[in-house]
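*Asks:* Any chance you can model this:
(4 chains)
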Protein chains: 2
Amino acid sequence: MGTHSMRAAEPGTAECAGFGPADLTFLLHAAADRMTVDLDQAAVEMGLKDVRDWLVLAVLGDGQNRTQLELSKMVCVDKTTLISVLDRLEHHELIVRTADPSDRRVRIPQITPEGRRVYAKFATARDAAEARALDGVDRDDRALLLNLLARIAARQDAAVATA
Amino acid sequence: MGTHSMRAAEPGTAECAGFGPADLTFLLHAAADRMTVDLDQAAVEMGLKDVRDWLVLAVLGDGQNRTQLELSKMVCVDKTTLISVLDRLEHHELIVRTADPSDRRVRIPQITPEGRRVYAKFATARDAAEARALDGVDRDDRALLLNLLARIAARQDAAVATA
DNA sequence: ACAGGATCGTCCGAGTCCAGATGATCTGAA
DNA sequence: TTCAGATCATCTGGACTCGGACGATCCTGT
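*Replies:* The predicted structure follows:
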């Protein structure tokens, strides 16, 4: 996309009428959309706005210090958009922006205890959603799925190859 | 989403820094994003705007008559957004909006010969992108991947279950 | 025949997104 | 030191998105 959404057509009632081209890109979007519908709903139920809010908490959860810029790359959200996410999380006191003593430009977002609590709560909703999505799929196949997805997601470059 | 983007952070140079939570939803988005970066680029190179433009052509390709509403559900694009896509495609004479003789409300978008030509051209770019993404993955695993994705994408309801 | 309601495509307005600019700060070379 | 250029977070303007409203049309019951 550059960058465009390809987001769900019908959020709540979301149809995304069960098929479409057996196209990898299409199926990835459709599947992602489907999951997001569930998780966004769970998010609002516990005071967040989006799955993205939760993803940020998830990344922050490991306690490693990260620049906002690093964070934006990790969660695949534009740096300018991330600002509003962090503003919201900070307002709800789920994170705090601390100053980096060694570089006064950067702000290090850190998760608060309350943030951890919300994160954990949301995690169970996520597990439930994944369980529903993969109902009847055995452990090996699930592992393979995640493996392949991670592989595709990790292909940093490739496009530049021919250049 | 309802509906939000979770789109790529850095479109062109797109990083989406190689990892993130081993979370199904996250990986789906990241993988979809990665594919989209490649395909969007291919799209603009041949005069389209988005992968979505191409997806519409793909769905229209089978020659079946479809309502714009049906179409919007199929490609997972909001019905109002689809209008601008169709406007653009029509302007480039890749599709035409024909009238349904049996219902004067509906308009049946149909692909033109030129549309088919562009579609076919894009298909090779898509194949190349998929080949790059799944390089080194054997045939069985690819089939399983597509299978599982289709399965997740097809889960129409589920959310309404508890209600 | 007709009214009430559903469904089609389209439009509008409020909200969201992002490319690029801005200001503050760091780094390295002179 | 000083200064030019990189890099951080943030802001801003213009584009995009989508929920809800709209006219046109169809359908069903009476």
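*Asks:* Nearest the middle, which residue of chain A would you pick?
*Replies:* The C-alpha lying nearest the average C-alpha coordinate of chain A belongs to residue A:55 (Cα atoms, centre = their mean; 4.2 Å).
*Asks:* show me what contacts that one?
*Replies:* Listed by Cβ atoms under 8 Å, 6 or more residues apart in numbering or on different chains, the contact set of residue A:55 reads A:75, B:20-21, B:23, B:26. Heads up, the C-betas are built off the backbone N, CA and C, glycines and all.
*Asks:* Please save the CA atoms from the one helix or strand it maps to in PDB.
*Replies:* Take DSSP states H and E as the rule and residue A:55 turns out to sit in helix A:51-60. Taking only C-alpha atoms (Å, rounded to 0.1, in the frame of the first residue of the first chain), the coordinates of helix A:51-60 have been written out as PDB:
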ATOM      1  CA  VAL A  51      -6.900  -4.600  18.800                       C
ATOM      2  CA  ARG A  52      -4.100  -2.300  18.100                       C
ATOM      3  CA  ASP A  53      -4.300  -0.900  21.600                       C
ATOM      4  CA  TRP A  54      -3.900  -4.300  22.900                       C
ATOM      5  CA  LEU A  55      -1.000  -5.200  20.500                       C
ATOM      6  CA  VAL A  56       0.900  -2.200  21.800                       C
ATOM      7  CA  LEU A  57       0.400  -3.500  25.300                       C
ATOM      8  CA  ALA A  58       1.500  -6.900  24.200                       C
ATOM      9  CA  VAL A  59       4.700  -5.600  22.700                       C
ATOM     10  CA  LEU A  60       5.400  -3.400  25.800                       C
END
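*Asks:* Wondering if that helix reaches DNA strand D at all.
*Replies:* No. Applying Cβ under 7 Å from any atom of the strand, one finds helix A:51-60 out of contact with DNA strand D, separated by at least 12.5 Å.
*Asks:* quick one: the strands in chain A?
*Replies:* A:95-99, A:107-111 (DSSP state E).
*Asks:* Quick check: which of those is nearest to chain B?
*Replies:* Distances from chain B to each of the strands of chain A were compared using Cβ to the nearest Cβ; the shortest belongs to strand A:107-111, at 13.7 Å.
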